[in-house]
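>>> Got a sequence here, can you build the structure:
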Amino acid sequence: MVSTTVILRPDTAPQLAGIGINNSGNYTVSWSGVGWATTYRLQEALQGAGWGTIHDEGATQRALYGRPEGMHQYRVAACNEAGCTDWSGTMQVQVQMPPPVPLGPTVWYERLAASRTRYSIFWGDAGISTGFEVTGPASCMTSSEMSCVIEINKAPSTVPFQVRACNAAGCSAWTDPVIAEPMP
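All right, here's what the predicted structure looks like:
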């Protein structure tokens, strides 16, 4: 009596679990298990580049670290000795980091009256910020301007000002504290 073993190729592509937006560049891509699969082949296309295999093992997830800002795509196939399924649908991950700490700031004050002060605050940006927050004796928020002019009904203060940059991924750390100096 002769026995024959038939190995069937997995017939259903795995399903990738969605991630969407990531603000660190570190994340885990995972997918569903498929019957008869012994390995899973995960491919990645960083920022629209060609596909490259980054995983060819039995696990149904892969931790990724240090991915750069941009749109990254993933697809996976289930495999065994008989072959592989078609590729799964493509999943996209948008990596967007919070902006760096703004440059500066420089802060001047101008005494308008005995108990009225105008503060002028200026800073620099790396170009990926969509807004800024300023805190100190008075605060302000601005969308794209890299300056803020604030008038308050108080004498000049030695409370320091700080600025931070923000975008959809979050906000930077605050700048080092800066105390306002008299307007030159």
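
>>> if I pick the spatially closest residue to Ser24 that is not a sequence neighbour, what's in contact with it?
Nearest residue to Ser24, sequence neighbours excluded (C-beta to C-beta, 6 or more residues apart in numbering): Met97, at 7.4 Å. Where you see a C-beta, it was placed from the backbone N, CA and C, and this is true even at glycine. With contacts defined as C-beta atoms under 8 Å, 6 or more residues apart in numbering, Met97 is in contact with 23-25, 69, 128, 169.

>>> from these, which has minimum pLDDT?
For these, the weakest pLDDT value sits at Ile128, with 83.

>>> Tell me, how many residues neighbour it?
15 (other C-beta atoms under 10 Å).

>>> Is it correct that it is in contact with Asn167?
Yes - applying C-beta atoms under 8 Å, one finds Ile128 in contact with Asn167, separated by 6.0 Å.

>>> mind listing what Val159 touches?
136-137, 179.

>>> Nearest to the spatial middle of the protein, which residue is it?
Asn23 (2.2 Å; C-alpha atoms, centre = their mean).

>>> which residues do Ile128 and Asn167 both contact?
Listed as contacting both Ile128 and Asn167 by C-beta under 8 Å, 6+ apart are Pro99.

>>> partners of the worst-scoring helix or strand of the chain on mean pLDDT, with directions?
The weakest-scoring helix or strand in the chain, judged by mean pLDDT, DSSP states H and E, is strand 140-142 (a mean of 88). Here strand 140-142 is paired, per DSSP bridges, with strand 131-135 (antiparallel).

>>> chain center to the partner strand, what's the gap?
19 Å (C-alpha atoms, centre = their mean, to the nearest Å).

>>> Give me the contact list for it.
Taking C-beta under 8 Å, 6+ apart as the rule, strand 131-135 contacts 102, 105, 121, 123, 125, 139-146, 148, 150, 161-167, 171, 174.
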